[in-house]
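Peer 1: Below is the structure, and that's it, no one-letter string:
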(Lines give C-alpha, C1' and ligand atoms only; values in the text may rest on other atoms or scores of the structure.)
Protein backbone atom coordinates (compact mmCIF):
# COMPACT_ATOMS: atom_id res chain seq x y z
CA UNK A 1 0.00 0.00 0.00
CA UNK A 2 1.39 3.38 -0.99
CA UNK A 3 1.93 5.59 2.04
CA UNK A 4 2.51 9.08 0.69
CA UNK A 5 -0.20 10.52 -1.58
CA UNK A 6 0.98 13.12 -4.09
CA UNK A 7 -1.74 15.59 -5.04
CA UNK A 8 -2.27 17.81 -8.07
CA UNK A 9 -4.55 20.84 -8.26
CA UNK A 10 -6.34 22.06 -11.37
CA UNK A 11 -7.30 25.73 -10.99
CA UNK A 12 -5.42 28.15 -8.72
CA UNK A 13 -8.12 30.42 -7.30
CA UNK A 14 -9.05 31.19 -3.68
CA UNK A 15 -10.47 27.79 -2.82
CA UNK A 16 -7.37 26.11 -4.23
CA UNK A 17 -5.31 28.28 -1.87
CA UNK A 18 -7.30 27.07 1.14
CA UNK A 19 -7.06 23.47 -0.03
CA UNK A 20 -3.30 23.73 -0.51
CA UNK A 21 -2.92 25.32 2.93
CA UNK A 22 -4.84 22.51 4.64
CA UNK A 23 -3.01 19.87 2.62
CA UNK A 24 0.11 20.79 4.59
CA UNK A 25 -1.69 19.67 7.76
CA UNK A 26 -2.40 16.19 6.42
CA UNK A 27 0.03 13.44 7.29
CA UNK A 28 1.46 11.46 4.36
CA UNK A 29 0.01 13.78 1.71
CA UNK A 30 1.67 16.58 -0.23
CA UNK A 31 1.12 18.99 -3.09
CA UNK A 32 2.98 17.65 -6.11
CA UNK A 33 1.72 19.64 -9.11
CA UNK A 34 -0.53 22.56 -10.06
CA UNK A 35 -2.04 23.70 -13.35
CA UNK A 36 -3.49 27.04 -14.38
CA UNK A 37 -5.22 27.71 -17.69
CA UNK A 38 -4.42 31.44 -17.53
CA UNK A 39 -0.62 31.62 -17.33
CA UNK A 40 2.53 29.71 -16.48
CA UNK A 41 3.57 32.57 -14.21
CA UNK A 42 0.45 32.18 -12.10
CA UNK A 43 0.96 28.43 -11.82
CA UNK A 44 4.61 28.92 -10.90
CA UNK A 45 3.77 31.47 -8.21
CA UNK A 46 1.21 29.11 -6.68
CA UNK A 47 3.61 26.18 -6.84
CA UNK A 48 6.40 28.12 -5.17
CA UNK A 49 4.18 29.35 -2.36
CA UNK A 50 2.86 25.87 -1.61
CA UNK A 51 6.05 23.94 -2.38
CA UNK A 52 4.87 21.96 -5.39
CA UNK A 53 7.74 20.79 -7.63
CA UNK A 54 5.69 20.77 -10.86
CA UNK A 55 3.57 23.51 -12.45
CA UNK A 56 1.88 23.94 -15.84
CA UNK A 57 -0.03 26.47 -17.93
CA UNK A 58 -2.56 23.93 -19.25
CA UNK A 59 -4.68 21.31 -17.54
CA UNK A 60 -3.71 18.61 -20.04
CA UNK A 61 -0.03 19.07 -19.18
CA UNK A 62 -0.45 18.05 -15.55
CA UNK A 63 -0.79 14.41 -16.54
CA UNK A 64 2.87 14.24 -17.54
CA UNK A 65 3.76 14.63 -13.85
CA UNK A 66 5.49 11.54 -12.49
CA UNK A 67 3.94 9.72 -9.51
CA UNK A 68 0.72 11.78 -9.48
CA UNK A 69 -1.80 10.04 -7.20
CA UNK A 70 -4.88 12.31 -7.10
CA UNK A 71 -6.19 15.61 -8.44
CA UNK A 72 -8.34 18.25 -6.78
CA UNK A 73 -10.45 20.25 -9.25
CA UNK A 74 -10.92 23.87 -8.16
CA UNK A 75 -12.22 25.46 -11.36
CA UNK A 76 -15.57 27.25 -11.91
CA UNK A 77 -18.73 25.12 -11.77
CA UNK A 78 -19.17 25.09 -15.53
CA UNK A 79 -15.79 23.38 -16.02
CA UNK A 80 -16.17 20.65 -13.40
CA UNK A 81 -17.54 17.98 -15.71
CA UNK A 82 -15.00 18.62 -18.47
CA UNK A 83 -12.05 18.71 -16.07
CA UNK A 84 -13.20 15.59 -14.24
CA UNK A 85 -13.67 13.62 -17.45
CA UNK A 86 -10.16 14.61 -18.53
CA UNK A 87 -8.67 13.29 -15.28
CA UNK A 88 -10.67 10.07 -15.42
CA UNK A 89 -9.55 9.53 -19.01
CA UNK A 90 -5.99 9.48 -17.63
CA UNK A 91 -7.15 7.22 -14.76
CA UNK A 92 -6.18 9.74 -12.08
CA UNK A 93 -8.36 9.73 -8.91
CA UNK A 94 -10.44 12.90 -8.62
CA UNK A 95 -11.78 15.08 -5.84
CA UNK A 96 -14.00 17.62 -7.63
CA UNK A 97 -15.20 20.76 -5.89
CA UNK A 98 -18.93 21.19 -5.34
CA UNK A 99 -21.29 21.46 -7.09
CA UNK A 100 -20.12 18.29 -8.82
CA UNK A 101 -21.37 19.71 -12.14
CA UNK A 102 -24.12 21.95 -13.51
CA UNK A 103 -26.85 19.34 -13.83
CA UNK A 104 -27.74 15.67 -13.54
CA UNK A 105 -26.81 14.86 -17.14
CA UNK A 106 -23.24 16.03 -16.57
CA UNK A 107 -22.93 14.20 -13.26
CA UNK A 108 -24.15 10.96 -14.80
CA UNK A 109 -21.41 11.21 -17.44
CA UNK A 110 -18.82 11.71 -14.70
CA UNK A 111 -20.05 8.72 -12.71
CA UNK A 112 -20.14 6.53 -15.81
CA UNK A 113 -16.60 7.58 -16.73
CA UNK A 114 -15.33 6.80 -13.23
CA UNK A 115 -16.78 3.30 -13.40
CA UNK A 116 -15.65 2.67 -16.97
CA UNK A 117 -12.09 3.71 -16.06
CA UNK A 118 -12.22 1.97 -12.68
CA UNK A 119 -10.99 5.19 -11.07
CA UNK A 120 -11.82 6.91 -7.78
CA UNK A 121 -14.15 9.93 -7.89
CA UNK A 122 -15.70 12.03 -5.12
CA UNK A 123 -17.48 15.36 -4.81
CA UNK A 124 -15.66 17.72 -2.45
CA UNK A 125 -18.50 18.09 0.03
CA UNK A 126 -16.21 18.92 2.94
CA UNK A 127 -19.19 19.30 5.27
CA UNK A 128 -19.62 15.51 5.42
CA UNK A 129 -16.20 15.10 7.00
CA UNK A 130 -16.29 17.96 9.52
CA UNK A 131 -16.15 16.42 13.06
CA UNK A 132 -19.07 18.54 14.30
CA UNK A 133 -21.29 17.17 11.55
CA UNK A 134 -20.19 13.61 12.28
CA UNK A 135 -21.03 14.17 15.95
CA UNK A 136 -24.45 15.47 14.94
CA UNK A 137 -25.08 12.28 12.97
CA UNK A 138 -23.93 10.19 15.91
CA UNK A 139 -26.27 11.96 18.35
CA UNK A 140 -29.22 11.44 16.03
CA UNK A 141 -28.31 7.77 15.51
CA UNK A 142 -28.18 7.35 19.30
CA UNK A 143 -31.77 8.64 19.50
CA UNK A 144 -30.85 11.64 21.61
CA UNK A 145 -33.44 13.94 19.99
CA UNK A 146 -35.79 11.25 18.73
CA UNK A 147 -37.10 11.14 15.20
CA UNK A 148 -36.08 14.20 13.17
CA UNK A 149 -39.11 16.26 12.22
CA UNK A 150 -37.70 19.52 10.88
CA UNK A 151 -34.42 20.90 9.59
CA UNK A 152 -33.75 24.62 9.26
CA UNK A 153 -30.59 25.96 7.66
CA UNK A 154 -29.46 29.14 5.92
CA UNK A 155 -26.37 30.54 4.23
CA UNK A 156 -26.06 34.18 3.28
CA UNK A 157 -23.58 36.99 2.82
CA UNK A 158 -23.61 40.35 1.10
CA UNK A 159 -21.64 39.83 -2.10
CA UNK A 160 -19.96 42.83 -3.74
CA UNK A 161 -21.25 43.69 -7.19
CA UNK A 162 -18.53 42.28 -9.42
CA UNK A 163 -20.43 40.99 -12.47
CA UNK A 164 -17.27 39.78 -14.22
CA UNK A 165 -16.42 37.43 -11.33
CA UNK A 166 -17.71 33.86 -11.07
CA UNK A 167 -20.25 34.41 -8.28
CA UNK A 168 -22.48 36.77 -10.26
CA UNK A 169 -21.67 35.44 -13.73
CA UNK A 170 -24.25 33.01 -15.17
CA UNK A 171 -21.75 31.88 -17.80
CA UNK A 172 -19.59 30.52 -14.97
CA UNK A 173 -22.48 28.94 -13.07
CA UNK A 174 -22.90 31.84 -10.65
CA UNK A 175 -25.82 32.31 -8.29
CA UNK A 176 -26.76 31.65 -4.69
CA UNK A 177 -28.23 28.17 -5.01
CA UNK A 178 -25.35 26.33 -6.66
CA UNK A 179 -22.66 28.20 -4.76
CA UNK A 180 -24.00 28.29 -1.20
CA UNK A 181 -27.55 26.90 -1.26
CA UNK A 182 -26.01 23.51 -1.93
CA UNK A 183 -25.03 23.32 1.75
CA UNK A 184 -28.54 23.56 3.24
CA UNK A 185 -29.73 21.24 0.46
CA UNK A 186 -27.04 18.70 1.27
CA UNK A 187 -27.72 18.84 5.01
CA UNK A 188 -31.39 18.07 4.45
CA UNK A 189 -30.48 15.20 2.13
CA UNK A 190 -28.01 13.81 4.65
CA UNK A 191 -30.49 13.93 7.52
CA UNK A 192 -33.86 13.26 5.88
CA UNK A 193 -33.17 11.68 2.50
CA UNK A 194 -34.77 12.73 -0.77
CA UNK A 195 -37.96 14.81 -0.42
CA UNK A 196 -41.35 13.89 -1.81
CA UNK A 197 -42.37 17.53 -2.28
CA UNK A 198 -40.31 20.58 -3.28
CA UNK A 199 -41.34 24.24 -3.25
CA UNK A 200 -38.90 27.00 -4.21
CA UNK A 201 -38.77 30.67 -5.11
CA UNK A 202 -35.92 32.94 -6.24
CA UNK A 203 -35.18 36.63 -6.63
CA UNK A 204 -32.95 37.43 -9.59
CA UNK A 205 -30.29 40.12 -9.96
CA UNK A 206 -29.38 42.25 -12.94
CA UNK A 207 -26.82 39.73 -14.22
CA UNK A 208 -29.53 37.08 -14.36
CA UNK A 209 -28.34 34.89 -11.48
CA UNK A 210 -30.46 33.96 -8.47
CA UNK A 211 -29.44 36.34 -5.70
CA UNK A 212 -31.76 34.75 -3.15
CA UNK A 213 -33.40 31.33 -3.20
CA UNK A 214 -35.64 29.84 -0.52
CA UNK A 215 -36.95 26.30 -0.61
CA UNK A 216 -39.19 24.10 1.50
CA UNK A 217 -38.94 20.34 1.32
CA UNK A 218 -41.57 17.84 2.42
CA UNK A 219 -41.13 14.15 3.21
CA UNK A 220 -43.47 11.19 3.31
CA UNK A 221 -42.60 10.61 6.98
CA UNK A 222 -44.12 14.06 7.70
CA UNK A 223 -40.78 15.77 8.23
CA UNK A 224 -40.02 19.13 6.60
CA UNK A 225 -37.00 21.28 5.82
CA UNK A 226 -36.97 25.09 5.62
CA UNK A 227 -33.87 26.24 3.76
CA UNK A 228 -32.53 29.42 2.21
CA UNK A 229 -29.51 31.10 0.65
CA UNK A 230 -28.76 34.66 -0.36
CA UNK A 231 -26.02 36.86 -1.77
CA UNK A 232 -27.78 40.01 -0.55
CA UNK A 233 -27.58 39.77 3.26
CA UNK A 234 -25.38 38.35 5.95
CA UNK A 235 -27.34 35.63 7.72
CA UNK A 236 -26.58 33.56 10.80
CA UNK A 237 -25.60 30.60 8.57
CA UNK A 238 -26.57 28.09 11.20
CA UNK A 239 -28.65 24.93 11.33
CA UNK A 240 -31.31 23.66 13.70
CA UNK A 241 -32.36 20.04 13.71
CA UNK A 242 -35.62 19.45 15.58
CA UNK A 243 -36.58 16.00 16.80
CA UNK A 244 -39.50 14.68 18.80
CA UNK A 245 -37.45 14.75 22.03
CA UNK A 246 -35.15 17.73 21.55
CA UNK A 247 -33.00 19.52 19.02
CA UNK A 248 -29.44 20.17 17.92
CA UNK A 249 -28.06 23.61 17.16
CA UNK A 250 -25.14 23.65 14.71
CA UNK A 251 -23.49 27.03 15.10
CA UNK A 252 -22.50 29.20 12.15
CA UNK A 253 -21.08 28.60 9.75
CA UNK A 254 -22.80 25.27 10.00
CA UNK A 255 -21.11 23.68 6.97
CA UNK A 256 -17.74 24.01 8.71
CA UNK A 257 -18.96 24.12 12.31
CA UNK A 258 -16.67 23.94 15.32
CA UNK A 259 -19.48 23.90 17.91
CA UNK A 260 -22.84 22.20 18.35
CA UNK A 261 -25.27 22.15 21.26
CA UNK A 262 -27.62 19.32 22.17
CA UNK A 263 -30.94 20.27 23.76
CA UNK A 264 -32.76 17.24 25.14
CA UNK A 265 -36.21 17.67 26.66
CA UNK A 266 -36.02 18.29 30.42
CA UNK A 267 -32.21 18.14 30.44
CA UNK A 268 -29.48 20.72 30.57
CA UNK A 269 -27.97 21.68 27.19
CA UNK A 270 -24.74 19.90 26.33
CA UNK A 271 -22.10 21.67 24.26
CA UNK A 272 -19.60 19.92 22.01
CA UNK A 273 -16.51 21.77 20.78
CA UNK A 274 -14.26 20.77 17.90
CA UNK A 275 -11.42 23.31 17.74
CA UNK A 276 -9.02 23.22 14.80
CA UNK A 277 -6.34 25.36 13.22
CA UNK A 278 -7.22 24.46 9.62
CA UNK A 279 -9.96 25.72 7.32
CA UNK A 280 -11.49 22.24 7.48
CA UNK A 281 -10.54 20.84 4.08
CA UNK A 282 -8.01 18.52 5.70
CA UNK A 283 -10.74 16.07 6.70
CA UNK A 284 -11.89 15.41 3.13
CA UNK A 285 -8.26 15.26 1.99
CA UNK A 286 -7.62 12.56 4.60
CA UNK A 287 -10.67 10.62 3.39
CA UNK A 288 -9.65 10.68 -0.26
CA UNK A 289 -6.00 9.95 0.51
CA UNK A 290 -7.01 6.88 2.52
CA UNK A 291 -9.42 5.70 -0.18
CA UNK A 292 -6.65 6.00 -2.79
CA UNK A 293 -4.23 4.07 -0.57
CA UNK A 294 -6.76 1.27 -0.18
CA UNK A 295 -7.64 1.19 -3.87
CA UNK A 296 -11.26 2.21 -3.31
CA UNK A 297 -13.23 3.71 -6.20
CA UNK A 298 -15.53 5.85 -4.07
CA UNK A 299 -16.01 7.00 -0.48
CA UNK A 300 -18.54 5.23 1.73
CA UNK A 301 -19.27 8.54 3.48
CA UNK A 302 -19.73 10.59 0.28
CA UNK A 303 -20.59 7.97 -2.35
CA UNK A 304 -21.38 8.80 -5.96
CA UNK A 305 -25.02 7.88 -5.33
CA UNK A 306 -25.23 10.81 -2.89
CA UNK A 307 -23.84 13.20 -5.49
CA UNK A 308 -26.43 11.98 -7.99
CA UNK A 309 -29.19 12.61 -5.45
CA UNK A 310 -27.79 16.04 -4.57
CA UNK A 311 -27.59 17.30 -8.14
CA UNK A 312 -31.06 15.84 -8.80
CA UNK A 313 -32.39 17.84 -5.85
CA UNK A 314 -30.66 21.00 -7.06
CA UNK A 315 -32.07 20.47 -10.55
CA UNK A 316 -35.60 20.17 -9.14
CA UNK A 317 -35.17 23.26 -6.97
CA UNK A 318 -33.91 25.20 -9.99
CA UNK A 319 -36.87 24.05 -12.05
CA UNK A 320 -39.33 25.12 -9.34
CA UNK A 321 -37.60 28.48 -8.85
CA UNK A 322 -37.07 29.21 -12.54
CA UNK A 323 -33.25 29.22 -12.41
CA UNK A 324 -31.95 28.60 -15.93
CA UNK A 325 -28.43 28.56 -17.32
CA UNK A 326 -28.56 29.33 -21.04
CA UNK A 327 -26.49 26.98 -23.16
CA UNK A 328 -26.26 24.41 -20.37
CA UNK A 329 -29.83 23.41 -19.50
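Peer 2: That came in fine, so what should we check first? If you're wondering where the values come from, they're calculated on a predicted model, not measured in any experiment.

Peer 1: Identify the residue nearest the geometric centre of the chain.
Peer 2: residue 125 (3.0 Å; C-alpha atoms, centre = their mean).

Peer 1: ok, that one - contacts?
Peer 2: Counting by C-beta atoms under 8 Å, 6 or more residues apart in numbering, residue 125 makes contact with 98, 186, 284, 302, 306, 307, 310. For every residue, glycine as well, the C-beta is placed using N, CA and C.

Peer 1: Looking at the residues you listed, which are in strands?
Peer 2: If you go by DSSP state E, the contacts of residue 125 have nothing in strands.

Peer 1: Between all of these, which two are at the greatest distance?
Peer 2: Using C-beta to C-beta, the contacts of residue 125 span at most 15.0 Å, a distance reached by 284 and 310.

Peer 1: how close does the most far-flung residue of the chain relative to its centre get to residue 243?
Peer 2: Most distant residue from the mean C-alpha position of the chain: residue 266, 36.2 Å away (C-alpha atoms, centre = their mean). Per C-beta to C-beta, to the nearest Å, residue 266 is found 14 Å from residue 243.

Peer 1: How about residue 95?
Peer 2: Separation of residue 95 from residue 243 (C-beta to C-beta): 33 Å.

Peer 1: and the two? which has more neighbours close in?
Peer 2: With neighbours defined as other C-beta atoms under 10 Å, residue 95 and residue 243 compare such that residue 95 has more, 30 against 21.

Peer 1: from memory that one sits against residue 289, does it?
Peer 2: No. If you go by C-beta atoms under 8 Å, residue 95 and residue 289 don't touch, sitting 9.5 Å apart.

Peer 1: outside of the longest helix anywhere in the chain, which residues touch it?
Peer 2: What stands out as the longest helix in the chain, according to DSSP state H, is helix 304-321. Residues outside helix 304-321 that contact it (C-beta under 8 Å, 6+ apart): 99-101, 103-104, 107-108, 111, 114, 121-123, 125, 177-178, 181-182, 185-186, 189, 194-195, 198-202, 210, 213, 215, 298, 323-324.

Peer 1: run the last query once more with 7 Å
Peer 2: Under the criterion C-beta atoms under 7 Å, 6 or more residues apart in numbering, residues 99-101, 103-104, 107, 111, 114, 121, 123, 177-178, 182, 185-186, 189, 194, 198-202, 210, 213, 215, 298 lie in contact with helix 304-321.

Peer 1: If anything else comes up later, I'll come back, but that's it for now.
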